[in-house]
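1. sequence and predicted structure are below.
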Amino acid sequence: MEPLLKVENIKKVYGKLSAAYTALENVSFDIHEGEFVGIMGPSGAGKSTLLNLLATIDSPTEGKIYMKNKSIHDMKEAALSDFRREHLGFIFQDYNLLDSLTVKENILLPLAIAKIPAKKINHLVTQISKVFGIEDLLAKYPYQISGGQKQRTAAARALVTEPALILADEPTGALDSKSATDLLESLSTLNENNNSTIMMVTHDAFAASFCRRIIFIKDGSFSTEIYRRDQTRKAFFQEILDVHAAIGGEADDII
């Protein structure tokens with residue numbers, strides 16, 4: 001089976017000549033449809049750079065990134081914008097909700113931009129709001145709900161279009177433990193029940209333990225990867241801690 005996402009020998013260099021800094025070097029991996037993959041590594045390892053490349057916010061200096069067999073960074077800007085809207089969903093640490101819109105209006109915004117019929121919009125919003133447990137909040141505004149509820153709203157907005165790949169950047173970074181657990185359980189449910197494909201960058205071993213596979217990068221290069229397989233989440237959590245310690249991660253990088 002062809003991978004959904006294929007990263008081939010990615011290199012990213014910032015600056016020029018003596019001021020050049022290599023953020024990523026020879027990074028390669030695949031993600032198949034239905035996977036829940038975590039990206040981890042010490043501070044400065046290149047996690048954010050990698051995410052920016054996958055999100056098409058930045059372009060690699062060398063190498064190729066293929067999504068559904070298309071080289072995404074060879075697209076013209078208009079085609080890339082359409083591709084991003086149609087195939088990618090983004091969950092960030094900052095909620096990026098519009099305060100002037102209700103929870104429902106925030107969630108349906110990408111559907112309205114895509115000119116989806118109103119009847120289908122209502123169905124999709126109802127469906128995704130139930131997954132994230134926010135169906136009772138649809139008429140409220142962002143200032144009326146908690147941080148955890150805002151993040152679940154942001155996640156619902158990212159997933160309501162049923163994107164091929166969900167990119168999550170430290171989605172639990174600003175949440176308390178209960179709100180973080182609620183969000184991660186919802187993402188895990190979507191992954192298991194809807195075969196949603198998720199790639200999450202995180203420094204948090206607890207968050208990573210909800211993934212099925214973890215890719216570790218160090219000093220801008222691929223280091224190792226581990227699979228949860230039939231382990232309990234608790235056992236996988238401990239394995240993540242052990243691997244992170246072995247590649248030189250600091251305690252502050254993983255809690």
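-> Done, it's in.
2. next, residue 156: phi, psi?
-> phi -60, psi -40 (degrees, to the nearest 10).
3. isn't it up against residue 105?
-> No - between residue 156 and residue 105 there is no contact under C-beta atoms under 8 Å: 12.0 Å. Bear in mind the C-beta positions are built from the backbone N, C-alpha and C, glycine included.
4. for the two, indicate the residue with more neighbours.
-> Neighbours were tallied for residue 156 and for residue 105 using other C-beta atoms under 10 Å; the higher tally belongs to residue 156 (28 against 17).
5. contacts only, for that one.
-> Neighbouring residues of residue 156 by C-beta atoms under 8 Å, 6 or more residues apart in numbering: 107, 125, 128, 129, 131, 132, 134.
6. kindly reformat these as JSON lines containing secondary structure, neighbour count and pLDDT.
-> Below are the contacts of residue 156 laid out as JSON lines (DSSP: H, G, I helix; E, B strand; the rest coil; neighbours: other C-beta atoms under 10 Å; pLDDT from 0 to 100):
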{"residue": "107", "secondary structure": "helix", "neighbour count": "28", "pLDDT": "96"}
{"residue": "125", "secondary structure": "helix", "neighbour count": "22", "pLDDT": "96"}
{"residue": "128", "secondary structure": "helix", "neighbour count": "24", "pLDDT": "94"}
{"residue": "129", "secondary structure": "helix", "neighbour count": "21", "pLDDT": "95"}
{"residue": "131", "secondary structure": "helix", "neighbour count": "20", "pLDDT": "91"}
{"residue": "132", "secondary structure": "coil", "neighbour count": "25", "pLDDT": "92"}
{"residue": "134", "secondary structure": "coil", "neighbour count": "23", "pLDDT": "95"}
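7. show residues contacting the helix or strand residue 122 falls within.
-> Taking DSSP states H and E as the criterion, residue 122 maps to helix 118-131. Applying C-beta under 8 Å, 6+ apart, the external contacts of helix 118-131 come out as 103-104, 107-108, 111-112, 116, 135, 137-138, 156, 159-160, 162, 186, 189-190.
8. tell me which helix or strand residue 27 sits in.
-> Going by DSSP H and E, residue 27 is part of strand 21-31.
9. and the next helix or strand past that strand?
-> Note on strand 21-31: by DSSP H and E, the next helix or strand toward the C-terminus is strand 36-40.
10. between that next one and strand 21-31, how many degrees?
-> 160 degrees (axes from the mean of the first three to the mean of the last three C-alpha atoms, to 10 degrees).
11. tell me which stretches of this protein form strands.
-> 5-14, 21-31, 36-40, 62-67, 70-71, 88-91, 165-169, 198-201, 213-218, 221-227 (DSSP state E).
12. list just the one of the ones you listed that sits closest to residue 248.
-> Nearest to residue 248, of all the strands of the chain, is strand 213-218, at 6.7 Å by C-beta to C-beta.
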